[in-house]
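K.L.:
Pasting the sequence and the predicted coordinates here, then a few questions.
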Amino acid sequence: MSSCSNDRDSNPTFKQPSTFVLNETNWRGSVFELETTTDSLQITWSQPDYTLENAPVVVTYNVDFSPMGTFTKAYNASAEDNTGADYTSFDAQTNCSLQLGAEQLNRLIQEICGYTSEADVPLYSLNSAIRVRASVLTATNEPLNPVTSNVVNIKVMPYFMLLKPADPEIWYLLGSDIADGSWGDVIGEKCIPMQTIEDVAYNTTTGQGKIQWIGFLAGGGFKIRGSLTDNWATQWGQGAAFGTFVKNDGGSGNITVPAPGVYTITLYTDADLAIKDEKPELSIEPYKGTAPVFDGMAISGSFNDWGDTAMTPCYAAGENHDWYIIQEFNAGDEFKVKQADSWDFNRGGMFISYDEGSFYAYGVQNGDNFVVPEQGKYMILFNDITGYVRFIKQKAE
């Protein structure tokens, strides 16, 4: 039932209520310990008296929750800046009750307060607050006679939780055998990130697991870095001879394969998982398949009328299997990666979210078109052996 903004003889006579009652919660006088309880926070309230005749009307309610106990600025999950936000509002409803689960409430607290690690979470309970806002909506959803309830306080003990699974931990190849051979840290041109492996699970807390790279190594030497910005604090190098690899040893040698060829590099970023699988943390072995060799690779899609836009080979000094390009896209653009001037070899598929602005996919022959999820300039990395596609959003200059 919707109300009318204009009074007619058949309409009830509206009045402006001064307030209505939000009842005390089931946790009155106690601390709501969110990590250990399976109970819900039960919220109930009375209906405001909106008419002189006590005629039935449909009232719309918004419940506000503040972990800080104040209601100054609403938190907006889609906003770029939530500085000063101190409360969140739940979706409008017409019932006079609401139940909030402990996990749901903890997630809201963590988002509003901006906790990024366990160290951020206070060791004391928060003096939180709840209120309800009521109004009658017109046929065009305009609120009439809004009114706010009393505020009910509650003590809440939050805990740290993962709001989303950790991104897979990726290491980087660089050296004389990699990209332009300069040992630089520019992705695509000077170094190459390793790849996740399809059907391999990654630790949701640490992002650790098993990663790989398959490509040509000439024997000039290279190393593997855990970060491009940690001044070589995390790295893999070579010990006394090839096959003996050492981690985080600044005096280690460059990894030098015994003969030129295509190799599979497998790295366990989780040492315990390597022990469980009875494998070394790092292994470098000749590739067991047959690697295709292409003169050129391109992207083709709706952005270029399905013509060819050439990709750049990462390794120009010999047999190349990694390609890159930086391209501007609109949200919803579709494309595939393909052999230059031919559709005999093409890769498509569905992107998997990696982190903000970055995506990856395990491309398959004649797969569905890749769909760009959001507008921007991206670097596309492609390995023509594995079909792995990495999509990295570029920062605005």
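P.N.:
Now that the structure is in, tell me what you want to look at.
K.L.:
for the protein, longest strand please?
P.N.:
Criterion DSSP state E: the longest strand present in the chain is strand 126-137.
K.L.:
Show the subsequent helix or strand relative to that one.
P.N.:
Next along the chain after strand 126-137, taking DSSP states H and E as the criterion, comes strand 143-148.
K.L.:
Return that following strand as CSV; C-alpha atoms alone will do.
P.N.:
The C-alpha trace of strand 143-148 is given here as CSV (Å, rounded to 0.1, in the frame of the first residue of the first chain):
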residue,chain,number,x,y,z
PRO,A,143,9.6,10.2,2.0
LEU,A,144,6.9,11.9,4.0
ASN,A,145,7.1,12.8,7.7
PRO,A,146,10.5,11.2,8.5
VAL,A,147,11.2,10.5,12.1
THR,A,148,14.1,8.9,14.0
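K.L.:
Any buried residues in the helix or strand that it is followed by, and which?
P.N.:
Downstream of strand 143-148, the first helix or strand assigned by DSSP H and E is strand 152-157. Neighbour-count burial for strand 152-157 flags 152, 154-157 (criterion: 16 or more other CB atoms under 10 Å). Glycine gets a C-beta too; all of them are placed from N, C-alpha and C.
K.L.:
Can you spell out which helices and strands pack onto strand 152-157?
P.N.:
strand 31-33, strand 126-137 (3 or more CB pairs under 8 Å, 6 or more residues apart in numbering; DSSP states H and E).
K.L.:
who's in contact with that strand?
P.N.:
22-25, 27-28, 30-35, 41, 43, 67, 69, 105, 109, 124-131 (CB atoms under 8 Å, 6 or more residues apart in numbering).
K.L.:
For the helix or strand that it is followed by, name the packing helices and strands.
P.N.:
Moving toward the C-terminus from strand 152-157, the next helix or strand (DSSP H and E) is strand 172-175. Where contact means 3+ CB pairs under 8 Å, 6+ apart, strand 172-175 is packed against strand 192-193, strand 222-225.
K.L.:
Could you identify the longest helix within the protein?
P.N.:
helix 102-113 (DSSP state H).
K.L.:
per-residue confidence averaged over it?
P.N.:
Mean per-residue pLDDT for helix 102-113: 91.
K.L.:
what do you get for stretch 30-41?
P.N.:
For stretch 30-41, the mean per-residue pLDDT is 90.
K.L.:
Other residues contacting it?
P.N.:
Contacts of stretch 30-41 (CB under 8 Å, 6+ apart): 25-27, 99-103, 105-106, 109, 125, 154-159.
K.L.:
and residue 362, what are its phi and psi?
P.N.:
Phi and psi for residue 362, reported as degrees, to the nearest 10, are phi -100, psi 90.
K.L.:
Could you report the neighbour count for it?
P.N.:
Burial of residue 362 is recorded as 18 neighbouring residues (other CB atoms under 10 Å).
K.L.:
And residue 17, how far from residue 134?
P.N.:
Here residue 17 is placed at a distance of 8 Å from residue 134 (CB to CB, to the nearest Å).
K.L.:
Overlap in contacts, the two.
P.N.:
Taking CB under 8 Å, 6+ apart as the contact criterion, the common neighbours of residue 17 and residue 134 are 48, 147.
K.L.:
Those two: which is more packed in?
P.N.:
Between residue 17 and residue 134, counted using other CB under 10 Å, the more crowded position is residue 134 (23 against 16).
K.L.:
Check the more buried one and give its pLDDT.
P.N.:
We have a pLDDT of 93 for residue 134.
K.L.:
Let me see the ranges of the strands in the stretch 151-300 of the chain.
P.N.:
152-157, 172-175, 192-193, 195-196, 210-217, 222-225, 235-238, 245-247, 261-268, 282-286, 297-301 (DSSP state E, counting those that start in this stretch).
K.L.:
and if you look at the stretch 1-150 of the chain?
P.N.:
31-33, 40-44, 60-66, 88-89, 97-101, 126-137, 143-148.
K.L.:
between these, which gets nearest to residue 290?
P.N.:
Of all the strands of the stretch 1-150 of the chain, strand 97-101 sits nearest to residue 290, with 53.8 Å by CB to CB.
K.L.:
elements contacting that closest one?
P.N.:
Looks like strand 97-101 contacts strand 40-44 (3+ CB pairs under 8 Å, 6+ apart).
K.L.:
Give me the distance from stretch 285-300 to the chain's centre.
P.N.:
30 Å (CA atoms, centre = their mean, to the nearest Å).
K.L.:
Provide a list of residues in contact with residue 108.
P.N.:
Residue 108 makes contact with 65, 67, 88, according to CB under 8 Å, 6+ apart.
K.L.:
Compile these into CSV and extend it with columns for neighbour count, pLDDT and distance to residue 352.
P.N.:
Output for the contacts of residue 108, formatted as CSV (neighbours: other CB atoms under 10 Å; pLDDT from 0 to 100; distance: CB to CB, whole Å):
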residue, neighbour count, pLDDT, distance to residue 352
65, 24, 95, 33
67, 23, 94, 33
88, 18, 93, 29
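K.L.:
Would you check how far apart the nearest residue to residue 112 once chain neighbours are set aside and residue 65 are?
P.N.:
Excluding the flanking residues, the one nearest residue 112 by CB to CB, 6 or more residues apart in numbering is residue 75, at 4.9 Å. As for residue 75, its distance to residue 65 is 10 Å (criterion: CB to CB).
K.L.:
shared neighbours of those two, which are they?
P.N.:
Residues touching both residue 75 and residue 65 (CB under 8 Å, 6+ apart) are 87-88.
K.L.:
Tell me where the model's unsure across the stretch 1-150 of the chain.
P.N.:
Scanning the stretch 1-150 of the chain for pLDDT under 70 picks out the ranges 1-12, 54.
K.L.:
on that earlier part again, now the helices and strands packed on strand 172-175 in a markdown table, with mean neighbour count, mean pLDDT and distance to residue 295?
P.N.:
As requested, the helices and strands packed on strand 172-175 are arranged in a markdown table below (neighbours: other CB atoms under 10 Å; pLDDT from 0 to 100; distance: least, CB to CB, whole Å):
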| stretch | mean neighbour count | mean pLDDT | distance to residue 295 |
| --- | --- | --- | --- |
| strand 192-193 | 22 | 97 | 20 |
| strand 222-225 | 22 | 98 | 25 |
